[in-house]
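Q: Sequence isn't available, so here's the structure alone:
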């Protein structure tokens, strides 16, 4: 690591969460679950694009939102170069992923779970 971690405060986590929800809505992707932590984000989504493009869209839209509220003196990279991706092949896998994202990350921070699973 070349820089100190970029830590999201409560307001910033809320912005990132809302921008991920907006990205999915705008692109017609089905968002199952999100958990925005202080230093990373978990997303379970069904998208009509590659995981890499979905991650890039989430990062870009979240960055725009953060720039609107941040102190202009804030320095540092917001996101890692890539992100970890896993394909989900069945209902059990989907339920396991949602449970992991929502319930197994420690204290809940900024979360979303689809009412339509």
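A: Happy to help now that I have it. The shown structure was predicted, so the numbers you read here are calculated from the model rather than taken from an experiment. Residues are numbered from 1 along each chain as shown.
Q: Next up, phi/psi of the residue nearest to the spatial centre of the chain, please.
A: Against the mean C-alpha coordinate of the chain, by C-alpha atoms, centre = their mean, the closest residue is residue 41 at 4.2 Å. Here is the backbone geometry of residue 41 (degrees, to the nearest 10): phi -130, psi 140.
Q: same question, residue 69
A: phi -110, psi -10.
Q: where in the chain is pLDDT low?
A: 1-2, 72-75, 117 (pLDDT under 70).
Q: Let's see that with 80 instead.
A: 1-5, 71-77, 116-117 (pLDDT under 80).
Q: So which residues of it form strands?
A: 30-36, 41-46, 110-113 (DSSP state E).
Q: circling back: mind listing what the residue nearest to the centre of the chain touches?
A: 16, 20, 34, 35, 58, 62 (C-beta atoms under 8 Å, 6 or more residues apart in numbering). For the C-beta atoms, the positions are set from N, CA and C on the backbone; glycine is no exception.
Q: Any figure for the gap between the fourth one and residue 3?
A: Look at residue 35 and residue 3: by C-beta to C-beta, to the nearest Å, they are 24 Å apart.
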